[in-house]
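Asker: Provide a 3D model corresponding to the input given below.
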Amino acid sequence: MATKLKFTNTGRSSFFATLRGRVDAYFTQRAISSHANGAMWAKALFFLIGYALIYGLILSNQFGSWTMLGLAALLGVFAACIGFNVSHDALHGAFSAHSWVNKFLGGSFYLLGANPYVWKITHNIVHHTFTNIPGHDEDIEVAPGLVRLDPEEPLRPWHRYQQWYTFPLYALASLSWVLRKDYVKFFKNRIGQHDTPHHPRREYVKLFVTKALYYVFFLVLPLALLSLSWWQVLIGFLVMHLAEGLALGLVFQLAHVVEGTTFPLPDETGNMHDAWAIHQLYTTANFAPRSKTAAFICGGLNRQIEHHLFPKVCHIHYPAITAIVKRTAHEFGLPYLENRSFGSALYSHFRLLQTLGRPA
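Answerer: Got it, this is the predicted structure:
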């Protein structure tokens, strides 16, 4: 789809002006920064140190193969949590008021085997602007042809069973990211409707050097240092990424592909019906918003509405501004979608997959 999209209906955009004023007032009146506080730094250190500790325990070669396998799975979970809690905020410029701090912490994305530069294009620019718009938001293209998350995509016979086979596919997301996705995205001339024909030369170097280093640290070193056979090391690598991929895939899908969210299309001139901020309310949902556990593990991504409206606000503040966002949305007669628990969001995603796998 080559149509240049534009968000219109600016008459209703007073919603976002009002909301932004209220959220700004919240931080001003309390004389607090919208960036990371002490609790956020403590959480970041917990996941980073935990990741390093688990990796060190694996390379210590002091455990049996089954324990090592469990540690590999746990390492994958910690990698996903670093992505949620550290990399994501930093790459949005939300962690610190200092760009060098955000850039440094954004480098934690390399610990997942992923490329920060490519992510900032695909996620920050494309996904956050064109959320859930078929042909533009590539985040809803999990496995084109195999998984139907876009109501405009042709319906195939196998889609009838996609609610069963899609979840195992999510577990492959991290493995695909490490071995394929970044390379494919990097060398595409266009991502969504964002042109990417040229990249700085240093980004070519970073892509290949950091990928090579990742393979060295997670394949070559274990093969050299551990008393495991090559196939055991490969199984450990696979299990680590299955755990990481399942965590990443589920958290991101439960925010946009659940019952109630929409997949709006532009008109023939490329105009979207709603203003951008209102579009976010129709295409995004929260899950388990009252769960402290979900907030701690998911890095605020259980409150995706707040994140999409205020991506440069550190997620540690989302619980405080949630009431403001919800109240303002209701005042303007706008939806505020949420599932009360992770389980209910998961079931809602399952049902939507089931619906999309059948004729309308």
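
Asker: From now on I want contacts and neighbour counts done on CA atoms only, so please keep to that.
Answerer: Noted.

Asker: Can you get me a residue count around residue 132?
Answerer: 28 (other C-alpha atoms under 10 Å).

Asker: quick one, what contacts the spatially closest residue to it that is not a sequence neighbour?
Answerer: Nearest residue to residue 132 in three dimensions, chain neighbours excluded: residue 263, at 5.1 Å (C-alpha to C-alpha, 6 or more residues apart in numbering). Taking C-alpha atoms under 8 Å, 6 or more residues apart in numbering as the criterion, residue 263 is in contact with 132, 133, 134, 150, 151, 283.

Asker: Out of these, flag the one nearest to residue 142.
Answerer: residue 150 (10.0 Å; C-alpha to C-alpha).

Asker: returning to that earlier point: so for the residue nearest to residue 132, what's the pLDDT?
Answerer: According to the predicted model, the pLDDT of residue 263 comes to 91.

Asker: ok, it to residue 136 distance?
Answerer: 11 Å (C-alpha to C-alpha, to the nearest Å).

Asker: now do residue 37
Answerer: Taken as C-alpha to C-alpha, the spacing of residue 37 relative to residue 136 amounts to 35 Å.

Asker: Between these two, which is the more surrounded one?
Answerer: Between residue 37 and residue 136, residue 136 has the larger neighbour count (other C-alpha under 10 Å), namely 23 against 15.

Asker: In the chain, which residue is most central in space?
Answerer: In the chain, the C-alpha nearest the mean C-alpha coordinate belongs to residue 252, at 4.9 Å (C-alpha atoms, centre = their mean).

Asker: how about it, secondary structure?
Answerer: Following DSSP: H, G, I helix; E, B strand; the rest coil, the label given to residue 252 is helix.

Asker: Distance check, it against residue 326.
Answerer: Taking C-alpha to C-alpha as the measure, residue 252 and residue 326 are separated by 21 Å.

Asker: Repeat that for residue 280.
Answerer: Spatial separation of residue 280 from residue 326 under the definition C-alpha to C-alpha is 13 Å.

Asker: ok, now residue 279?
Answerer: Taking C-alpha to C-alpha as the measure, residue 279 and residue 326 are separated by 15 Å.

Asker: In terms of packing, which of those two has more residues around it?
Answerer: Neighbour totals were compared for residue 279 and residue 326, and residue 279 leads with 21 against 17 (other C-alpha under 10 Å).

Asker: contacting residues for the more buried one?
Answerer: Under the criterion of C-alpha under 8 Å, 6+ apart, the contact list for residue 279 reads residue 131.

Asker: what about it, which helix or strand?
Answerer: Element membership of residue 279 [criterion: DSSP states H and E] is helix 276-283.
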